[in-house]
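Enquirer: build me a model from this:
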Amino acid sequence: MNKKIQVYVPHFFPASDSIGPAKSVLNLMIKYYSDAELVLNSSDRDLSGRLLDQSACTPESLGFNGSLNYLGKTDLFKHYFTLFFRPLENDKEYFYFNSLFSLQFTIIPLSLLLCRTFIFGQSRTKILIAPRGELYPAALLNKSLKKKFALSVMRFTLKESVNVCFHASCEEEAGQIVQQLSLIDGSRVITEIDVPDQMTQIGLTRTDRMADNRLGRLRLLYFSKILPKKNLNFLTYVFEQMDGSILETQITFSIAGPPTDSNYAQQCIGKLKSIFHEKNAPFFCLGEINSSHVSALLESHDVLLFPTLGENFGHVVFEALDHGLVVLTSKATPWNNEPPALYCLDTTDPSEWCKILQEIIQNWASSEYRRMVSESGHIICCTFNERNRCSNLFNE
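Expert: Predicted structure coming up:
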């Protein structure tokens, strides 16, 4: 009989404020639905607490066979009760948690499973936990006291749990898992990236992207949640160092993404708006983007600026490259510096970012250069895809 896989993710489509984690889970489910019985459990609300339109997403429309359970508070209580008291399974059963610190969709169900195993003895249950970058130092700074307490408990309960393994998206994250959870070694850490099976290849068709550029400027984009870890504030130093004439005549800048940290977002947007308005340069704050509009957003821009302080993958980098954008990101990602499409830069040196942007501006009028960018991005995506396909997560 097929394997049974229960997946837990705090927020899933059609939520538009947690697109990265949702895409990781979706890619994983698309890969494994052919040889497993899949059930996905997620909140019936998005990160901001808004009720989701569940009819907007079905397994069929998302590309996999399985079940989607959107759980409210009452549903969660019933789910926990069923999880603990359900009959023991004879078949191999997997539980995959797409977060480490989510109370409702990791800590409580994981605790119930571990208690169940302790009370009723060993079962054929296998547990996989994907921290999704939550153990990086920059991520641990947010709500640090709660996370320190949770980690101290997890070190005690998970260290010797042989039926619990961990899913890392890169070797650096695997090292963080071993270190932060005080594991003996990395034998219980599986390093795989949930990359898409197929790419849009839109970048290869954007041969004349200047035709739809009404302003005739290089269109820059920041597209991510707005919170300290994503480091939007760094871009204020980049634009402050940029030649004023370039701001006035040659670029536009758009910010897209939910203001997860409202105070931080207000400060960053205020500074950037002031810099651009001083030079009468086009500046757009687009807010939260629905997942169905992401492709159109990327198609309408030329360069992605993503100065993150740490990513275990960075879906936005992959998608931007696939859509033919030049990507400037930090060195705190699993990506490598591969010009002319991908630059991994130091986030302590704004002048380096200015220099690369000025080089792109100088070359952008050349159709040959734009073609090279698109082809280079496509090759990077293909190479990354082939090298990092998930295949070992649910092996016996």
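
Enquirer: so which bits of the helix or strand harbouring residue 372 are buried?
Expert: Per DSSP states H and E, residue 372 falls inside helix 367-387. Residues of helix 367-387 classed as buried by neighbour count (16 or more other C-beta atoms under 10 Å): 370, 373, 374, 376, 377, 378, 380, 381, 384, 385. From N, CA and C alone the C-beta is placed, and that goes for glycine too.

Enquirer: turn these into a markdown table, including distance to residue 314.
Expert: Shown next, in a markdown table, are the buried residues of helix 367-387 (distance: C-beta to C-beta, whole Å):
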| residue | distance to residue 314 |
| --- | --- |
| 370 | 23 |
| 373 | 18 |
| 374 | 19 |
| 376 | 17 |
| 377 | 14 |
| 378 | 17 |
| 380 | 12 |
| 381 | 12 |
| 384 | 11 |
| 385 | 14 |
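
Enquirer: which among these gets closest to residue 7?
Expert: residue 385 (21.6 Å; C-beta to C-beta).

Enquirer: list the helices and strands the strand ranked longest in the chain packs on?
Expert: In the chain, taking DSSP state E as the definition, the longest strand is strand 36-43. In this structure, strand 36-43 packs against strand 3-8, helix 19-32, strand 67-71, with contacts taken as 3 or more C-beta pairs under 8 Å, 6 or more residues apart in numbering; DSSP states H and E.

Enquirer: the ones you listed: which one's closest to residue 194?
Expert: Taking C-beta to C-beta, helix 19-32 is the member of the helices and strands packed on strand 36-43 nearest to residue 194, at 4.0 Å.

Enquirer: now that closest one - C-alpha only, CSV.
Expert: C-alpha atoms of helix 19-32 as CSV (Å, rounded to 0.1, in the frame of the first residue of the first chain):
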residue,chain,number,x,y,z
ILE,A,19,4.3,32.5,-0.3
GLY,A,20,7.8,31.0,0.1
PRO,A,21,6.9,28.3,2.7
ALA,A,22,3.7,27.5,0.8
LYS,A,23,5.6,27.0,-2.4
SER,A,24,8.2,24.7,-0.7
VAL,A,25,5.3,22.5,0.6
LEU,A,26,3.5,22.6,-2.7
ASN,A,27,6.7,21.5,-4.6
LEU,A,28,7.2,18.7,-2.1
MET,A,29,3.6,17.4,-2.5
ILE,A,30,3.7,17.6,-6.3
LYS,A,31,6.8,15.4,-6.2
TYR,A,32,5.4,12.7,-3.9
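
Enquirer: per-residue confidence averaged over that helix?
Expert: What helix 19-32 shows for mean pLDDT is 84.

Enquirer: and the angle from that helix to strand 36-43?
Expert: Interaxial angle, helix 19-32 versus strand 36-43 (axes from the mean of the first three to the mean of the last three C-alpha atoms, to 10 degrees): 160 degrees.

Enquirer: count of neighbours near residue 317?
Expert: 24 (other C-beta atoms under 10 Å).

Enquirer: got the phi/psi numbers for it?
Expert: Dihedral pair for residue 317: phi -70, psi -50, per degrees, to the nearest 10.
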